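Visitor: predicted model and sequence below, questions to follow.
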Amino acid sequence: MSSHQLLVRQVVRSAQKARAHDKVRAYRLFNVRAISSSVTRSAAAAPKLKSTSTPPPPSIEPAPQREQSWLTTKVKSSPLLFSIFLSVARGLGYGSPQQFANRRALVLYNTLCATRADEASAFWREECALPPTFQSWFAITNLHVWLLTVRLRALPAPHGIQHVQGLIDHFFQDVDERLRAVLQPGVLPPRSSSPNISSAAEDGSHYPHSSFYTIPSPLADKSTFPSAKAYQEALKLQKRSRAPEKLITRQMKIFKEQWAGMGMSLDLGLVKGDAEMAAAVWRNLLGARGASGIGLGQEGNGSSYRRAVNLVGGLVEDVKKVDVEKEELKDDNSGVHDFPPSEIDRYIGYPELMVTLVSYIRRESLRLERLEGSAIMGPRRVGREGEGVQNLKWGDIENAA
């Protein structure tokens, strides 16, 4: 085999590896493409929104330069090899509309959705009384994924479907990784605080770290243990503390139902009016606090406690066999339940809180509606996926009303 043929083969193999690395990793638990297809099916026929104001020019930040490998230098120096490489890359899907949509959706998700719980942490914890748990992070992120999805649906075909699909794919891949970090400590390495959108970070993740909720501390370095035996014992203990795969699968199905339920409820509120929107937020974000009345007396166990029970999906197989009153008094470890009698004054501010949340949703959805589709999709060039995304960031939520 000649050296030229060998180099061509190396170029092809390199392109194949790069393509495999760039694709979002397949879900271990279920295919989100199937569950989201019904939501995004109407995006192809959605009209293009006209802008009433011109968005500010995107800020362009130069990407850090990396040292080129010998193979890259060789390919760029030869027109023939460069032509072969481009042909192979196009055959593998590089430069396709779906690839551009997926890469743009990754930046949109990381910048606008995955970090929103941390950005307004004080509001979610203090005003909304959401505990610093993974469930709360999911609900907050899910709300902003929906807000962004509403605008992406209106992109001209086929961009609407492609961007919505990419956004939901990234959302559930991120949820899967985060859930494993909480329930299966040590399976995945700790996340970087600044993921690289063009390639996986050193920890193998494309998604940012969150300090909104707490994850189990990683096992200390082996050198810190007094002996190898002590390290092995600690390693075994960590492995025994990991949740079984069955529990991960079941919890992901519950999150899928919560995503679909919140999306449909907010869609209805978007159409029917503010009262319906407030009800959707109250049920899906705030745990339907006070649904059974305010100022409950002392329960049999000496503590006042009641939570809303979802009788659809999840762990419920036969609704008729569920004792709702009994289940309402059980702690599901979500941290979202009715306020005790000592804190019933917190309900007084609920109408104002509803006004704030609904005003925030209406304001942000209208702001995105007024933007041109090009501002949402970006320049559609590899390496420039992040241009203009900072201009799309959400406004202040506390002063939305």
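Guide: That came through, no problem.

Visitor: tell me where the stretch 51-200 of the chain is predicted with low confidence.
Guide: Low-confidence segments of the stretch 51-200 of the chain, defined by pLDDT under 70, are located at 51-66, 90, 92-95, 192-200.

Visitor: repeat that for 80
Guide: 51-68, 70, 74, 82, 85-96, 189-200 (pLDDT under 80).

Visitor: what segments of it are helices?
Guide: Along the stretch 51-200 of the chain, counting by DSSP state H, counting those that start in this stretch, helices occupy 70-77, 79-91, 97-108, 116-119, 121-122, 134-153, 159-183.

Visitor: how about those helices, which one is nearest Gly293?
Guide: Between Gly293 and the helices of the stretch 51-200 of the chain, the tightest spacing by Cβ to Cβ is seen for helix 134-153, at 23.4 Å. The C-beta positions use only the backbone N, C-alpha and C, and glycine is treated the same way.

Visitor: where do the helices of the stretch 201-350 of the chain begin and end?
Guide: Taking DSSP H, counting those that start in this stretch as the criterion, the stretch 201-350 of the chain carries its helices at 228-240, 245-272, 274-284, 324-328, 350-369.

Visitor: tell me which of the helices of the stretch 51-200 of the chain sits nearest to Asn284.
Guide: Among the helices of the stretch 51-200 of the chain, the nearest to Asn284 by Cβ to Cβ is helix 134-153 (6.8 Å).

Visitor: hang on, the earlier thing: least confident of the helices of the stretch 201-350 of the chain, on average?
Guide: The stretch with the lowest mean pLDDT among the helices of the stretch 201-350 of the chain is helix 324-328, at a mean of 65.

Visitor: on that earlier part again, reformat the helices of the stretch 51-200 of the chain as JSON lines; add distance to Gln238 and mean neighbour count.
Guide: Rendered in JSON lines, the data for the helices of the stretch 51-200 of the chain read as follows (distance: least, Cβ to Cβ, whole Å; neighbours: other Cβ atoms under 10 Å):
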{"stretch": "helix 70-77", "distance to Gln238": "40", "mean neighbour count": "13"}
{"stretch": "helix 79-91", "distance to Gln238": "42", "mean neighbour count": "14"}
{"stretch": "helix 97-108", "distance to Gln238": "31", "mean neighbour count": "22"}
{"stretch": "helix 116-119", "distance to Gln238": "27", "mean neighbour count": "20"}
{"stretch": "helix 121-122", "distance to Gln238": "29", "mean neighbour count": "12"}
{"stretch": "helix 134-153", "distance to Gln238": "19", "mean neighbour count": "22"}
{"stretch": "helix 159-183", "distance to Gln238": "12", "mean neighbour count": "23"}
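
Visitor: show me the one of the helices of the stretch 201-350 of the chain that comes nearest Phe171.
Guide: Here helix 245-272 is closest among those (Cβ to Cβ), at 7.7 Å.

Visitor: before we move on, back to that, nearest approach to Gly91 belongs to which of the helices of the stretch 201-350 of the chain?
Guide: Gly91 lies closest, by Cβ to Cβ, to one member of the helices of the stretch 201-350 of the chain: helix 245-272, at 33.8 Å.

Visitor: helices or strands next to the closest one in the packing?
Guide: Packed against helix 245-272, as judged by 3 or more Cβ pairs under 8 Å, 6 or more residues apart in numbering; DSSP states H and E, are the following elements: helix 32-40, helix 134-153, helix 159-183, helix 274-284.

Visitor: the inter-axis angle of it versus helix 134-153?
Guide: Our comparison of helix 245-272 with helix 134-153, counting by axes from the mean of the first three to the mean of the last three Cα atoms, to 10 degrees, yields an angle of 50 degrees.

Visitor: the inter-axis angle of helix 245-272 versus helix 159-183?
Guide: 140 degrees.

Visitor: please point out which parts of helix 245-272 sit buried.
Guide: Along helix 245-272, the positions that meet the burial threshold by neighbour count (16 or more other Cβ atoms under 10 Å) are 248, 251-253, 255-256, 258-259, 261-263, 265-267, 269-270.

Visitor: if we ignore the residues flanking it in sequence, what's nearest Ala278?
Guide: The spatial neighbour of Ala278 that comes closest, neighbours along the chain excluded (Cβ to Cβ, 6 or more residues apart in numbering), is Met354 at 4.2 Å.

Visitor: contact partners for the nearest residue to Glu127 once chain neighbours are set aside?
Guide: Using Cβ to Cβ, 6+ apart and skipping the chain neighbours, the partner closest in space to Glu127 is Leu353 (6.2 Å). Contacts of Leu353 were listed using Cβ atoms under 8 Å, 6 or more residues apart in numbering, and they are 127-128, 286.

Visitor: dump the residues you listed into a markdown table; add distance to Val175 and neighbour count as well.
Guide: What follows is the contacts of Leu353, written out as a markdown table (distance: Cβ to Cβ, whole Å; neighbours: other Cβ atoms under 10 Å):
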| residue | distance to Val175 | neighbour count |
| --- | --- | --- |
| Glu127 | 25 | 17 |
| Cys128 | 20 | 21 |
| Leu286 | 20 | 19 |
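
Visitor: if we can go back for a sec, number of nearby residues for the residue nearest to Ala278?
Guide: Summarising burial for Met354: neighbours were counted as other Cβ atoms under 10 Å, giving 19.

Visitor: any chance of the helices and strands packed on helix 245-272 in JSON lines, plus distance to Ser359?
Guide: Below are these laid out as JSON lines (distance: least, Cβ to Cβ, whole Å):
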{"stretch": "helix 32-40", "distance to Ser359": "25"}
{"stretch": "helix 134-153", "distance to Ser359": "13"}
{"stretch": "helix 159-183", "distance to Ser359": "24"}
{"stretch": "helix 274-284", "distance to Ser359": "9"}
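
Visitor: out of those helices, which is closest to Lys229?
Guide: Comparing those under Cβ to Cβ, the one sitting nearest is helix 159-183, at 27.4 Å.

Visitor: which other helices and strands contact that closest one?
Guide: Applying 3+ Cβ pairs under 8 Å, 6+ apart, we find helix 159-183 packed against helix 32-40, helix 97-108, helix 134-153, helix 245-272, helix 373-377.

Visitor: of all those helices, which lies closest to Leu183?
Guide: Using Cβ to Cβ, the helices and strands packed on helix 159-183 put helix 245-272 closest to Leu183, at 6.3 Å.

Visitor: angle of the closest one against helix 274-284?
Guide: Using the same axes, to 10 degrees, the inter-axis angle of helix 245-272 relative to helix 274-284 is 170 degrees.
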